[in-house]
Structures are given as C-alpha cells and as structure tokens.
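Chemist: give me a 3D structure for the following:
(2 chains)
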Amino acid sequence: MAIVDTAPPVTAAPAPAGTGYWSGVLSRMLRDPLTLVCLSVVLALVLSAIFAPWLGLADPFKGSMIQRLKPIGTPGHILGTDEQGRDMLARLVYGGRLTLFIGLMPVVLAFFIGGFLGIVAGYVGGLLNTLIMRTVDVFFAFPSVLLAIAISGALGAGIVNSLVSLTIVFIPPITRIAEAVTSGVRALDYIEAARASGAGTLTVIRVHVIGNVLSPIFVYATSLTSVCMILAAGLSFLGIGVRPPEPEWGLMLNTLRSAIYVNPWVSALPGLLIFVTSLCLNLLSDGVRSAMNVRD
Amino acid sequence: MFAYFLRRLILVMPVAFGVSVICFLLVQIAPGDPLTAIMPVDATAEEQAAMRAVYGLDKPLPVQYAIWVAKLAQGDMGRSIASGRPVAGEVFGAVQNSLLLALSAAAIAFPIGIFLGFLAGYFRDTPIDRAVTAISIAGVSVPNYWLGIVLVIIFSVNLGWLPSMGAGPGGSQDWAWDWLHMRHLVLPAVTLAVVPIGIVARTVRALAGDILTMDFVQALYAKGMSRGDVLRHVARNAAATALSVMGLQLGYLLGGSILIETVFNWPGSGFLLSNAIFQRDLPLLQGTILVLALFFVAMNLVVDVAQAAIDPRIKRT
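Modeler: Reported below is the predicted structural model:
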C-alpha cells in the first residue's frame, strides 16, 4: 500500500519537464537548416512511399516488351523504364515502401529489444549482466555485414527473414550502449535515495532510470539507421532480401546491373536513392545529437 | 608485454567459442532438410536414414557440435555439398583473394583518411575542415555496392579504361603482380576504400582536434619546439586510437567485401559465400563465415596488443 501511495506524485513530476525538453529539442533541430533539409527529404520519401497508390503513377508491376530500357526523359516515362519495360518512377516510389520499411524497422525493433536487455543488464548487474553482455561480445566478433549475410543466407530470402537478421545485427550494439548508460545512472546518488525511500526495482527503473537513459540510447539508435538502410538494400542486392517482382531499391539495382551497357544511368537510379536516404539519415542523426546535446 | 598478450588471449577464448557456436547454429536455423540438396527426390526412408548417419545428423545437437569442433581442430571443415571438395581448401583459396583486395583497399584508404582527418583537425572550423567533414559523411553514407556500379559505368562502360570483372585476363584465378592483373584490382579496391576513408578521416579529425587543444601542446610550443616536432608528439598521442580503428576497419574490409566482390565478380570469400547461399551449400557457408569471423577476432586481439605496445597507459587498465 505504501508504494501505491507514494508512486503517483513521483510519476507526475517528470511529465511536464519531459514535454519541455522534447519541444526544446525539436525547435533546436528546426533551426538548423541542414537538418531541416534532411528531415524534409526523408519525410518526402516516407510520405511518397506511403501514399504511392494515390499519386497517379503507372503500375509498377506492368511491363511492356517494346518499352524496355527507355532512357531518362522518355515521354510517359520520365525516369525511363527497367529491363522489363516497367516505369522506373513508379517502381522507385513504390520501392520506397519496402526499402524504407526493411531499412528502418530493424533499428526500431533492436531499440526496444536491445534497450530492454541493456537496461536490465545494467541495472540488475551480477550474473545476469555477465550472461547478457558476454553473449553480446560474441556477436561483436562478426563484422555487421557478415553477420547479416550469414543469417539471411542461412534463413533464405524473404521480408521477414531480412527483418529478423538485421534486428539481430543491431541488438548487440544497442544493448552495449544501453548497459553502459544504465550502469552509469545506477551509480548516481538519487537512485540510492529513491530506493532508500522505499521504491521497488520496477518503479526505480520505470521512473528514474528510463527517463535518463532513453535519450542517449535513442540518439545512438538513430545513428544506426543509415547503416541499416545500406545493409537492408544490400541483402536484396545480393538476392537474399526481398524477392522479385516486388519493387525494392537494392533488388532493382541488382536486376538492372545487366543493363549497364544499354542504359547505364537508369540502372544507377535505385542506388542513388539509397545513397540520398542514407546520407540524409546520417545528417539527421547528427542534427538530433547536437539538438539533444548528447556527447559520445 | 607477454603477460598482457596472454591475458588478452584468455579473454578471446570464450568469444571464439561463442563464434563457433553461432556458426554451428547457422546450419540449424536454415529451413529445410540439409539432405534434400544431395539426395535424389525418390530416395527411400532407409536411404535417407543411412545418409543421415553418414553425416552424423541423427545425433543430438551438442554431440553434433562436439564432433564438428573436433574435426575443425584437425582442419577438417567438411565437404562442400555442391562441389564435393573439402571446404577448408576452397575457403582458404578464396580468403587469400579477399585479403589481397582488403589490403589494397586499406593501403589506399588509411593514408588518405589519416591525411584528410589530420588536415581537418588542424584547420578546425575552416572551409578545409568542412570539406573534409562533408567527404567523410558522404563516405560513410554511400552504399559501396552502388558506388562500384557507378565506377564501372564511368571507367569501364563509358571510358573503357579498366576491366569491370574478375581478377585477371580471361577470368583467370591465378594472381600475378603485373599490370594485366593489377588493372582488375583498381576499381574494386578503390570502391572498397571509400567507407574506411570516411571513418578514418572522422576518427583522426576528432583525435587531432582534441589533442591539439591539450595543455602539453601549448607547453611544447612555449618551450620553443618547432611545429613539425610538436606535430610528431601529437601523432604519437593519436597513434594508439587511430591504430585500433584501422585494425577494426581492416577486419570489416575483409568481412564486408562480399557485396563488392559480387559487383566485380572478384573470386574471393564473398563470391564463395554468395555461391554457397544460392546453391544452399550450408557446409561451405558455415566454413566461410567461421574463417572470416575468427580472422576478425584475431585481428581484434592483434589490435589490442599493438595498442598496448604503443601506449603504455593501456596495459595498466
């Protein structure tokens, strides 16, 4: 009963402070022109991917034998056509759906799973910490590209398999950061004070730890999104990610490789989009980092 | 120093064990029966059971693992399902080619990265710094498999200067240090070098910038040391960290060259790996991953020890 009585005031206190902090971060981000541009580009890509069916584009699956490999600027096919005569613009916009989903989702999943594991390991310590962190160490023995390809290669192609393998790749680094930050916070006096005043483990983690460790973990996770994009598209490029005929940038880059002697620049377009997205994600992550004043 | 090496070596053992467990499990998570690739479709149940016994697939997992490790210790990594040849031979041949590619890329990337990073750190907050920062962000953001294709379009398709595929004239697999072979190395090595250039430049920039603002630099200037000599002190302070980043990058180059090897049909470990994946050749997949991962672990160990040799402060922690 005592805990129930004291809990509400404790939870109530950080809430308004939290909103103030995040709106401050947002306004600082929006004041930085480069971050603003990158944010707009990423938003434009995400929105066009989501609303692709309503943009009046050609059918991304409908090919045409006589319209194959048209160059950029062909009337009716602004960005040309691919090796099966499908409209490149439509395929690029539709391709954003799977590419961005598989490129971003693993980091989100790894943020929750790795964050949970790291916070638990850092807070509980002892044997559990050793168990979690030594397992993480083993995964660090693989270069990330190799690990992603190994798991995807063993599981086989497919959207779910790609998500699984990339999530496994990104859990260890996030866990490591979360553990480091959490054990740092755990050693602080106010945690001791909270426990001395009768707060249970879960309450301390929920109220005092999470609020303090979440932003560094979040900033770190955003810095992984660009690598994840490149890796996700890379798996499809190798043929162990998304299956054809689904439009996806990495896969398109692969199938168009046979066309580089016929129509080189059309075949480079999907990769250009991967590059632009990953560049913007990187710069955006830098922007978030400086707006949140996190130093690494 | 030797004691430090031994201590690190002991710490590496559990990691190497974990790596072997993961590589072993890779085959277990693969869907489907590993036998389907080699057995005829109409094989009877007895024939399948016999084959299962030959490959030891009828035993419990920990026993299978123990047998697998015992064979590994004797250099036996099993046989490739597709070619029937021993995995070990195929992997080591391919790793040599990958190593050649990775070292060439490192030889391009590290000097350029160090130079750019130092320049940016020395001229902090100037246009030079901003230019280098832009280069390094572009370097770490570029999907290098795409960059490889773009370089092929420019230098092979449009200009016709360099070959786009293979490691030698006429698809030859035997390497030689002559121009006929080396021109095949140029595009893949340059492509592979771009990401580490970005990472090394970023690291060295931060290091040089931090060290240059330290008090001892002021003190050295104050006692009348020349700029070149001061920079030598700065370089020495940065060396340990820079070295560890470069060592890791070399490991990444070897493990991460898979995509680039696919783009350029380079007959290395990545090429082998993608063949293994498409032919569902799990022993070959397992063996290649294991060798590459263990190389990465060994690389980490070497980096740790080298770092301690350069910077005596590290040994004490």
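Chemist: which residue is nearest the centroid of the chain?
Modeler: You didn't say which chain, so I picked chain A. Taking C-alpha atoms, centre = their mean, the centroid of chain A lies closest to residue A:104, which sits 3.1 Å from it.
Chemist: the chain in question should be chain B.
Modeler: Centroid check for chain B by C-alpha atoms, centre = their mean gives residue B:254 as the closest residue, at 2.2 Å.
Chemist: what's the helix or strand for it?
Modeler: Here residue B:254, judged by DSSP states H and E, is contained in helix B:227-256.
Chemist: that older thread, check what pLDDT the residue nearest to the centre of chain B gets.
Modeler: The confidence metric pLDDT takes the value 84 at residue B:254.
Chemist: what residues are up against it?
Modeler: Counting by C-beta atoms under 8 Å, 6 or more residues apart in numbering or on different chains, residue B:254 makes contact with A:143, B:95, B:98, B:99, B:102, B:269, B:292, B:295, B:296. To be clear about C-beta, it is placed using only N, CA and C from the backbone, and glycine gets the same treatment.
Chemist: residue of the stretch 101-250 of chain B nearest chain A, please.
Modeler: In the stretch 101-250 of chain B, the residue that lies nearest chain A is residue B:146 (2.8 Å; C-beta to the nearest C-beta).
Chemist: re the thing from before, tell me which element the residue nearest to the centre of chain A falls in.
Modeler: Here residue A:104 is assigned to helix A:88-124, by DSSP H and E.
Chemist: next secondary structure after that helix?
Modeler: Next along the chain after helix A:88-124, taking DSSP H and E as the criterion, comes helix A:126-140.
Chemist: other residues contacting stretch B:58-72?
Modeler: By C-beta under 8 Å, 6+ apart, the list of residues contacting stretch B:58-72 from outside reads B:20, B:21, B:24, B:28, B:49, B:52, B:56, B:57, B:77, B:78, B:290.
Chemist: so which bits of that stretch are buried?
Modeler: B:64, B:65, B:68, B:72 (16 or more other C-beta atoms under 10 Å in any protein chain shown).
Chemist: the residues you listed into JSON lines, with extra columns for pLDDT?
Modeler: Formatted as JSON lines, the buried residues of stretch B:58-72 follow (pLDDT from 0 to 100):
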{"residue": "B:64", "pLDDT": "85"}
{"residue": "B:65", "pLDDT": "87"}
{"residue": "B:68", "pLDDT": "84"}
{"residue": "B:72", "pLDDT": "84"}
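Chemist: so of these, which ones are in helices?
Modeler: Judged by DSSP state H, the buried residues of stretch B:58-72 include B:64, B:65, B:68, B:72 as members of helices.
Chemist: for residue B:286, see how far away the second one is.
Modeler: Between residue B:65 and residue B:286 the distance, using C-beta to C-beta, to the nearest Å, works out to 12 Å.
Chemist: what touches both of the two?
Modeler: Residues touching both residue B:65 and residue B:286 (C-beta under 8 Å, 6+ apart) are residue B:24.
Chemist: from residue A:72, how far off is the closest residue to residue A:266 other than its chain neighbours?
Modeler: Spatial nearest neighbour of residue A:266, excluding adjacent residues (C-beta to C-beta, 6 or more residues apart in numbering or on different chains): residue A:80 at 4.2 Å. Relative to residue A:72, residue A:80 is positioned 5 Å away (C-beta to C-beta).
Chemist: higher neighbour count, these two?
Modeler: residue A:80 (22 against 14; other C-beta atoms under 10 Å in any protein chain shown).
Chemist: report pLDDT for the more buried one.
Modeler: At residue A:80, the model reports a pLDDT of 75.
Chemist: what do you get for residue A:270?
Modeler: Per-residue confidence (pLDDT) for residue A:270: 88.
Chemist: contacts only, for it.
Modeler: The neighbours of residue A:270, taking C-beta under 8 Å, 6+ apart as the test, are A:92, A:95, A:249, A:250, A:252, A:253, A:256, B:146.
Chemist: ok, of these, which come out buried?
Modeler: Neighbour counting over the contacts of residue A:270 (16+ other C-beta under 10 Å) leaves A:92, A:95, A:249, A:250, A:252, A:253, A:256, B:146 as the buried ones.
Chemist: what mean pLDDT does stretch B:161-180 have?
Modeler: The average pLDDT within stretch B:161-180 is 69.
Chemist: for chain B, which spans come out with low pLDDT?
Modeler: Counting by pLDDT under 70, the low-confidence segments of chain B come to B:33-41, B:167-177, B:179-180, B:314-317.
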